[in-house]
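>>> Could you look at this predicted model? Sequence included:
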Amino acid sequence: MLSRILHAFSAPRPVPLPEPDEKLALGALMVRVAKSDRHYDLTEIKRIDRLLTRLFGLGPIEAAKMRALCERLEHEAPDTADFGHVIRESVRLEARLAALEALWEVVLVDGESAPEELAVLDAAREAMGLSEADSMAAQALARGQA
């Protein structure tokens, strides 16, 4: 009993999460959108990994590691708008539009767009400073990627 207590105190502490940059913020938003309908499945995970590979030039292993980190960030972050603000303040309009398209790809990957997913996507869009017209255009582009 005493050894278990001592072991609990000597166990390594979890590595602190980094402050999200625009890449981690987008990854965390993709995870949040995918999880928002309470159905986070392999199809969505694979799409997020492919998007991270395509958008940031990562290999498959690096993309999977980044997604795992983004899952932890998403879990710890209280507000969707925080991630959107990081993106808005860090990248140009073209990159924000690409981020919105990536979010739409995650929403559309399972063939359904749940109201919860759309609500998260809309909050992210607003925080990134993008319009509804931008969202409609990004959705059309994402449908072409599906």
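Looks like it arrived, so ask away.
>>> Enumerate every residue touching L130.
If a contact means Cβ atoms under 8 Å, 6 or more residues apart in numbering, then L130 has R96, L97, L100, A138 as its contacts. (Each C-beta comes from the backbone N, C-alpha and C, glycine too.)
>>> Let's see that with 7 Å instead.
Shown in contact with L130 (Cβ atoms under 7 Å, 6 or more residues apart in numbering): R96, L97, L100.
>>> Just the pLDDT at the second one, thanks.
On pLDDT, L97 comes in at 96.
>>> What is the burial count for it?
Other residues near L97 number 18, with proximity taken as other Cβ atoms under 10 Å.
>>> show me where the protein has helices.
Counting by DSSP state H, the chain has helices at residues 2-10, 22-35, 42-56, 60-76, 80-90, 93-108, 115-127, 132-145.
>>> winner for burial among these?
Greatest average neighbour count among the helices of the chain goes to helix 22-35 (a mean of 25), per mean count of other Cβ atoms under 10 Å.
>>> ok, now which ones touch M30?
Counted by Cβ under 7 Å, 6+ apart, M30 has contacts I48, L51, A102, L103, V106.
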